[in-house]
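Colleague: Build me a structure from this.
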Amino acid sequence: MLKKQIILAGVATTALLIGSSAYAQTDTSAPAATAQASQSEPTEVVVTGFRKSYADAVKSKRNNIEITDGVSSDGLGRFPDLNVGEALQRVPGVQINREAEGRNATINLRGMPGSYARTTLNGEAFAEPPALDSDSSGPLGAFNSDIFSAFVVEKSPMANAQSGGLSGNIDMQIAPALSRKDGGFAKASYEYNTLGDLGSPAFTVGYNKHLSSNFAMFGTVAYKREKFRRDTLRFNTYSRLEPTITGLSNADFASTYGQYYSADACSSGTFCQSLASALGMTQAAAEAAGYITSTTGSKGNSGAWADSAIRQYSRMNDGTLWTASAGMEWKPNDNTKVGLIGYYSDRDLPKTTQYFLIDAVWDGAGIMTPNGDPVQTSDGRWVYPEVTYTNYPAKSSTRLYSQHQQSKGLMANFDWHNDQWHITAVATKSQGSNSSTETELDLQTNSTTAGNGLTASLNTGLGDLDNFSYSVTPDQRNFLMEDWTTWSASDPENWYTTDKAYTLNISGSESFATNDVTSARFDAERYVSWGPITSIQGGVRLEQNRFKSTGFRNMAYGAQLDNLTADMLINSPTASSFMEGDANISTNWPAIDAEKFIAAVTPVAVYNGGGLTAVGFNIKYTDGAFANYNYTNQNDLTEAYIQAKFETAMNGRRIRGNFGVRYEDTQNKINTLDQVVNFASGDGVGSLDNFAVNSLTNKYHQWLPSAIFAADLTDDLVLRGAYYKTYVRPQARQYSPVSHFYQPILNGSMTTSTLSVYDATVTLGNNKLHPYLADSVDLSLEWYNRPNSVMSLAWFKKKITGRIVATSDPAILCPSDGGGWGYGALSWDGTYCTATELTTASSVTHVNASGAYNLDSPTYVDGIELNIQQNLDFLPGFWKNFGGNFNYAYTTSKSDAIAPFPGISKHAVNLIGYYETTKFGIRAVYNWRSAYDLNANGTYTGGARSVRARGQLDMSASYNLNDRVTISLDGYNLTNSLRYEYENDEAIVRNIDYDGRTYTLTVKTNF
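Modeller: Predicted structure coming up:
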């Protein structure tokens, strides 16, 4: 009889019981000790199907030494969640990052960013697709979960576990061939997304076969068509009102808005601005002119604000996902096993397209006029929700945003044991890659002296989508068929019409990363009887991890614009169904047919002997996409560990565990393309001549002690405790080792009639960073109150030292010798880092550097995880078919030097309930996480953003048509929950994401 649908968020996975695929620490003591342990087990009710799997999961959690949780396949050859990340968020301490677009399914573990966790495959290091953004885990959405047996979150890794998981290890498990039952299965499903009325099929087929009693093979192939969408409203910039942006005279501005500005010069306050400063006058001059009156500052001193940039945005994801696994295993005798497992996953979304409608009063262009009354927010600002834009730059942007993620590898393993020894060896070879090729095509109607005739009306709704509205008049704004005649090397991404009324932008960033991992491991365990010591285990491991990064920025030179035709301009295909009609938007949304446009304008003429990007446009060498992302970073690791396992009794109660130490030596080699020559004045393109290869070597080693115990306090109460030291190497893509700098630019706000002030920008290569370490303590109390159920409470504390943080503090980043940055000697005057050789009586150059360094002060992370998992099969009749799970995680972090980690929700909850009979089952899952902070980045301006608390309801149901065929229906985000970002106050909305609901119908048959 087929197993029923399993609801396993927040419980240990059943795959921990599967032969050699169970890589977490288990009890391997002498037979007598095992017999003693089994005598202390409570009598279990014999159950079958889903409940047997559920009972095994509870038993695995109890017998395991480490603190682990996980999720496993539901017995239908699938995980009843939209993707791996969605499934893992059911585990206490795991939070999915929904800001990651494209269903990349990145996660945080125990509140820390994804880069602090280590992802393994069957307990071994492997090359997952590298993350292309900062502080992120690898995209779990790059894999079809059908090839995996389980995902185990190892929260207290011991000396024999893979290092690098400061927050824990996430093990993706593929069961070996001999542990699988003979037979095959085929599965077909159809996914329907309500947003955009999009559907996509998926198919999986697998077969397991014992060719003899000691030799077996298996194979699984899964295909999924991916076609889904996200719609977003972005409020990119909130601007403080001033006469220039409102078009008012100083007198009119003072009388209209003076009540929101300080009457006196500001001496303190985050947002404080004096009225004189807003008018661009000295305090004395403003007072003499009569602008400062008795009402000035009567309502506050933070100024009046309004949103000055709105973006309607849709991302259409389109592509395929192919994933496969295969393996064989041979058992030549009772003591020996030899196995081979291979996997392959290719997620290719070449037609993913982003559609933007961007309207903003920026760079001194356009006028904004607030309407109605402002609202005072919790940070003291007065914000107008309603505003009218006139004569503003209006842009439609279409971006072909092709994504390609791939991972493939082989793993060979050897296992031999007898009564005294256990020997294992594993060799792996894997490669992961990730690429993002963005081609940005923009049409912009520019503001003009006479006015461009455009008017837009916006109401932000103060964070309430129901009150949001946006409209533009007249309808048609941007035109493709114009006389694009003007291009300049100082502005290399744009073509202009002769009268400069219209702009055509060709740009975009291309980002590529590959990761090659080769490893070999040998472990030996000797069973002994040295008092409480039951075995001594040791091992050695070699690993080479070679990361290669490349990146480019497109520019507009050389495009064959004569080939453009009018039919390449279309209305955005997402305009009519944007947010399923829940947002009152401008539906006249011009867009470019990106594929047709690119095919028409390429191949391009090469600029000045330079190079071409992967898409085929000229490279813009001055851009950070080239300067930051061209390097290799290789780590050669030599590792060794030794640990002792023990088991004893105290007052008749079993105590078991292990203690040991791991040593790791790292040889780090970096080859970067550093900038060595400053770009010529007025040259916005640059060339390879501005760069040179720079080779660097770093060496470091770590001693990583660990100890853990599990004590049976009573027949049904287990106490676990662990101490362990872990570390994380600097993430290769987040901390670029490349240095680059730019020509000084005039700072108009600081320049006076007698002194010109210039700003020079430097980005420092982070090539001397060292790993950051953590000392961790875990405690877990587990009450197995009845067969198949558990209640547990876990507490953890981590002290992180050497954490890597970004800085732009000139007191730290102002070397007197100039650092080779091309500005000569530098001096620090207590306020600015000044280029002394470029400074005269009438001109001064300030150098603004940014980079990353290992923080001196520690960071602390504390958390509590509560898990209640109960089957109600002890109840009579109808009620015995119910069961459920409730888990809750509380996480905090603090640092004496900087703000806590971004991305931490203090509270996270999963509430899971199910009803199951031998014929059908149904499950409901509600997930909720509290608000959390983000870093300010991308095209956003202003302070760090926060994400509003959010909950989501998912449901699954399955029905056995007969012993071989099962049909299931899954629904995700049935609450149609939106994701909101805000700045300081929820009324200052920054981002609203809309994903809609998703339904999946699946039919599976066994044969």
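Colleague: So, low pLDDT: which residues of the stretch 251-400 of the chain?
Modeller: Across the stretch 251-400 of the chain, residues meeting the criterion (pLDDT under 70) sit at 268-269, 363.
Colleague: same deal with the chain?
Modeller: Counting by pLDDT under 70, the chain contains low-confidence residues at 1-60, 72-81, 134-136, 268-269, 363, 476, 734, 749, 896-900, 935-943.
Colleague: Which strand in this structure has the most residues?
Modeller: If you go by DSSP state E, the chain has its longest strand at strand 304-333.
Colleague: Now that one: buried residues?
Modeller: Buried residues in strand 304-333, counting neighbours by 16 or more other Cβ atoms under 10 Å, are found at 304-321, 323-331. For every residue, glycine as well, the C-beta is placed using N, CA and C.
Colleague: Also stretch 257-264?
Modeller: Of the residues in stretch 257-264, 257-263 count as buried by neighbour count, 16+ other Cβ under 10 Å.
Colleague: Including secondary structure and distance to L198, could the residues you listed go into a markdown table?
Modeller: Output for the buried residues of stretch 257-264, formatted as a markdown table (DSSP: H, G, I helix; E, B strand; the rest coil; distance: Cβ to Cβ, whole Å):
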| residue | secondary structure | distance to L198 |
| --- | --- | --- |
| Y257 | helix | 46 |
| G258 | helix | 52 |
| Q259 | helix | 50 |
| Y260 | helix | 46 |
| Y261 | strand | 49 |
| S262 | strand | 52 |
| A263 | coil | 57 |
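Colleague: Can you tell me which of these is nearest L564?
Modeller: The shortest gap between L564 and any of the buried residues of stretch 257-264 belongs to Y257, at 45.0 Å (Cβ to Cβ).
Colleague: contacting residues for the closest residue to that closest one other than its chain neighbours?
Modeller: With Cβ to Cβ, 6 or more residues apart in numbering as the criterion, Y257 has its nearest non-adjacent residue at 4.8 Å, and that residue is A304. Applying Cβ atoms under 8 Å, 6 or more residues apart in numbering to A304 gives the contacts 240-241, 257, 260-261, 370, 374, 382-384.
Colleague: Pick the one among those residues closest to Q354.
Modeller: Ranked by distance to Q354 (Cβ to Cβ), these are led by V383 at 28.2 Å.
Colleague: is it true that the closest one touches N984?
Modeller: No - the criterion here is Cβ atoms under 8 Å, and V383 misses it with N984 at 10.4 Å.
Colleague: Check the contact lists of the two and give me the overlap.
Modeller: Residues touching both V383 and N984 (Cβ under 8 Å, 6+ apart) are T377.
Colleague: and the two? which has more neighbours close in?
Modeller: V383 (24 against 18; other Cβ atoms under 10 Å).
Colleague: The more buried one and H846: what is the separation?
Modeller: Distance, V383 to H846, by Cβ to Cβ, to the nearest Å: 32 Å.
Colleague: how about the closest residue to Q354 other than its chain neighbours, what does it touch?
Modeller: Spatial nearest neighbour of Q354, excluding adjacent residues (Cβ to Cβ, 6+ apart): R399 at 4.2 Å. By Cβ under 8 Å, 6+ apart, the contact list for R399 reads 353-356, 438-441, 508, 594.
Colleague: do that again at 10 Å, thanks
Modeller: 313, 315, 352-356, 438-442, 507-509, 592, 594 (Cβ atoms under 10 Å, 6 or more residues apart in numbering).
Colleague: what pairs with it across the strands?
Modeller: Counting by DSSP bridges, R399 is bridged to Q354, E440.
Colleague: Relative to T587, how far out is it?
Modeller: Taking Cβ to Cβ, one finds R399 at 20 Å from T587.
Colleague: Now do the contacts for W322.
Modeller: Shown in contact with W322 (Cβ under 10 Å, 6+ apart): 144, 221-224, 344-348, 406.
Colleague: Okay, and the beta partners of it?
Modeller: Y223, D346.
Colleague: cool, the one 4 residues further on as well?
Modeller: Following DSSP bridges, A326 is listed with bridge partners G219, G342.
Colleague: Settle this for me: it is touching I341, isn't it.
Modeller: Yes - contact criterion Cβ atoms under 10 Å: A326 and I341 qualify, at 7.5 Å.
Colleague: anything in contact with each of these two?
Modeller: Shared contacts of A326 and I341, defined by Cβ under 10 Å, 6+ apart, comprise 174, 177, 218.
Colleague: of all those residues, which comes closest to N630?
Modeller: Taking those together and measuring to N630 by Cβ to Cβ, the closest member is I174, at 35.1 Å.
Colleague: Correct me if wrong: the closest one contacts E329.
Modeller: No - if you go by Cβ under 10 Å, I174 and E329 don't touch, sitting 11.6 Å apart.
Colleague: list residues touching both of those two?
Modeller: With Cβ under 10 Å, 6+ apart as the test, I174 and E329 both reach 218, 341.
Colleague: if we can go back for a sec, among the contacts of A304, which lie within strands?
Modeller: 240, 370, 382-384.
Colleague: Can you add distance to G581 and give the residues you listed back as CSV?
Modeller: Output for the ones in strands among the contacts of A304, formatted as CSV (distance: Cβ to Cβ, whole Å):
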residue, distance to G581
R240, 34
P370, 28
W382, 32
V383, 27
Y384, 26
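Colleague: So which of those is the closest to N788?
Modeller: Sorting these by how near they are to N788, with Cβ to Cβ, puts V383 at the top with 54.3 Å.
Colleague: show me the residues around that closest one that make contact.
Modeller: Here V383 is in contact with 238, 302-307, 370, 374-377, 460, 462, 985, 987-989 (Cβ under 10 Å, 6+ apart).
Colleague: repeat for G539
Modeller: The contact partners of G539, by Cβ under 10 Å, 6+ apart, come to 159-160, 424-426, 521-525, 639-643, 662.
Colleague: Based on its surroundings, how many neighbours for the closest residue to I598 other than its chain neighbours?
Modeller: Excluding the flanking residues, the one nearest I598 by Cβ to Cβ, 6+ apart is T439, at 6.1 Å. For T439, the neighbour count with other Cβ under 10 Å is 25.
Colleague: and of the buried residues of stretch 257-264, the nearest to L248?
Modeller: Using Cβ to Cβ as the measure, the one of those that approaches L248 most closely is Y257, at 8.4 Å.
Colleague: Contacts only, for the closest one.
Modeller: For Y257, the contact set (Cβ under 10 Å, 6+ apart) comprises 240-243, 246, 248, 275, 278, 296, 299, 303-304, 370, 374, 382.
Colleague: same for the helix or strand harbouring K799, what does it pack against?
Modeller: Using DSSP states H and E, K799 sits within strand 790-801. Where contact means 3 or more Cβ pairs under 10 Å, 6 or more residues apart in numbering; DSSP states H and E, strand 790-801 is packed against helix 49-63, strand 717-728, strand 772-783, strand 859-871, strand 882-895.
Colleague: With respect to S572, which of the ones you listed lies nearest?
Modeller: Nearest of the helices and strands packed on strand 790-801 (Cβ to Cβ): strand 882-895, 40.0 Å.
Colleague: Work out the sheet partners of the closest one and label each with its direction, please.
Modeller: Note on strand 882-895: by DSSP bridges, its sheet partners are strand 859-871 (antiparallel), strand 907-916 (antiparallel).
Colleague: chain center to the shortest one, what's the gap?
Modeller: Distance, stretch centre to chain centre, for strand 907-916: 24 Å (Cα atoms, centre = their mean, to the nearest Å).
Colleague: and what of the first one?
Modeller: Computed by Cα atoms, centre = their mean, the separation of strand 859-871 from the middle of its chain amounts to 22 Å.
Colleague: didn't D516 look like it was pressed against N545?
Modeller: Yes - D516 is within contact range of N545, at 7.4 Å (criterion: Cβ under 10 Å).
Colleague: list the residues that contact both of these two?
Modeller: The contact sets of D516 and N545 overlap at 127, 634 (Cβ under 10 Å, 6+ apart).
Colleague: Looking at these two, which has the bigger crowd around it?
Modeller: A direct count of neighbours by other Cβ under 10 Å for D516 and N545 places N545 higher, at 21 against 17.
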